[in-house]
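**Student:** have a look; sequence and predicted model below, questions after that.
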Amino acid sequence: MAESKLVIEGGHPLQGEIRIQGAKNSVLPLLSAVVLCDEDVVLERCPALSDVYAASRILTHLGCRCSFRDGKMEIRNGGISRSEIPEAMMHEMRSSITFLGPLLSRTGSCTLYLPGGCELGPRPIDMHLHALRQMGAEIHETHGMLRLQGRLRGTDLYLPFPSVGATENIMLAAVLAQGQTRIHNAAREPEIRDLAEFLAACGAKISGAGTDTVIIDGVERLHGCVYRVMPDRIVAATYLSAAAAAGGSVCIQDCCPEDLTAVTEVLRQMGCRVYCHESRIYLQSSLPLHAAPYIRTMPHPGFPTDAQALLMAAHCKARGSCMFEETIFDSRYRHVDDLIRMGADIRLSGRAAVVHGVQKLSGTTVHATDLRGGAAMLIAGLTADGITELTELSHLDRGYEDPEGVLRSLGAKIERIT
């Protein structure tokens, strides 16, 4: 396949209105949950992403038929005919591990491999496996291959960290398990709530999603449903950060402002005018920005780790200095080297990064180190003098639906070249 790149001409303010796509971090667990259903499922506002296509290939392998058109994914579920997922399919994306719980729960035994995706440092699945063992699973691991079997039963589970992936996997395993499962110190992210609402629409009994204790009462079966995927809060944060950094005035439609409070508060600290009304966020940015003093990533409702790179790029030309502290992932500063190549002044020390604002960034050739790192370079390119070429777009395409088209609609000078 020919390699593509984005060519960005910096220095153009953004103006206009855009609608936000469905959430990548929600739709992928929803697609895993289809394994639990014994009827057809339709997902509306389904984003056209490479990760979504990878998940649909897994479902097709397992016995479903998937079709996608105009933001609607239809999954014909005639029954799960396989209980193993090939290694190559598992390696296409990190979130493939969310097939673990539902496949074991539905079939009683399954074989999977450790997943792939962005390299953000260790994201061990120990919590997933420990929870499934407590629910009655027998697990054998050999050279990255996982074999699981057993009839799952509900129990009380205590997570040492509010892991989103572990919370999702346990929820997916528990909906068909015998008895009641309680997840303590559960993740509180909005995507957890969206998964619970989808499962409830299919007949599951779940309460507490969005709090630190999720309660699941097992049921005999799940039917199908038609469900609308929640809006992508990180995509919304990306375009808000881009508008803040480039200057201008934008309206983000079809989003959930309450889910973005931590991000919009930082943008206000930077001098942007931010107004929220129902499902819209209005942002006005008059350059230069002013640096927020301190940003620390935390589990929801704290500042999201997925937005750290975005706000770092927006801070590169802000007046003053901002200290970032990354508490979730070990390797989430991989975008820093290319920002420095563009002229940014960033000092790293372990999990901390200090950004000192500079007068200008200069366009050059940079690459997407991972999904959000790629979005950060996109934002930096919009603010840089001259031309920026962004390569390795496979990372960006995992989470953003036609980013160049969206930005062009706001007045950016950007095109994709193959």
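**Tutor:** Yep, it's here. Numbers count the residues shown, from 1 in each chain.
**Student:** going forward, measure contacts between C-alpha atoms and count neighbours the same way
**Tutor:** OK.
**Student:** now the helix or strand containing Met323 - C-alpha only, CSV.
**Tutor:** Using DSSP states H and E, Met323 sits in strand 321-325. Taking C-alpha atoms only, strand 321-325 is exported to CSV below (Å, rounded to 0.1, in the frame of the first residue of the first chain):
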residue,chain,number,x,y,z
SER,A,321,5.4,27.9,30.9
CYS,A,322,3.3,24.8,31.6
MET,A,323,4.3,21.7,33.5
PHE,A,324,2.7,18.4,32.4
GLU,A,325,2.6,15.4,34.6
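**Student:** what lines up beside that strand in the sheet?
**Tutor:** Strand 321-325 pairs in its sheet with strand 294-296 (parallel), strand 352-356 (antiparallel), by DSSP bridges.
**Student:** who wins for proximity to Asn77 among these?
**Tutor:** strand 294-296 (42.8 Å; C-alpha to C-alpha).
**Student:** the stretch 101-250 of the chain: helices as residue ranges?
**Tutor:** 126-134, 164-174, 190-201, 233-246 (DSSP state H, counting those that start in this stretch).
**Student:** re earlier: now distance to Leu172, mean neighbour count and mean pLDDT too, for the strands paired with strand 321-325, in JSON lines please.
**Tutor:** Shown next, in JSON lines, are the strands paired with strand 321-325 (distance: least, C-alpha to C-alpha, whole Å; neighbours: other C-alpha atoms under 10 Å; pLDDT from 0 to 100):
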{"stretch": "strand 294-296", "distance to Leu172": "30", "mean neighbour count": "17", "mean pLDDT": "98"}
{"stretch": "strand 352-356", "distance to Leu172": "35", "mean neighbour count": "19", "mean pLDDT": "97"}
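**Student:** make a markdown table out of those and add distance to Thr383.
**Tutor:** Output for the strands paired with strand 321-325, formatted as a markdown table (distance: least, C-alpha to C-alpha, whole Å):
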| stretch | distance to Thr383 |
| --- | --- |
| strand 294-296 | 21 |
| strand 352-356 | 16 |
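**Student:** per-domain residue ranges of this structure.
**Tutor:** Following automatic domain parsing, the chain resolves into domains at 5-20+233-417, 24-228.
**Student:** weakest of the ones you listed by average pLDDT?
**Tutor:** Per-stretch mean pLDDT for these is lowest at domain 24-228 (a mean of 93).
**Student:** quick one: end-to-end distance for it.
**Tutor:** The straight-line separation of the ends of domain 24-228 (C-alpha to C-alpha, to the nearest Å) is 13 Å.
**Student:** ditto for stretch 355-362
**Tutor:** 16 Å.
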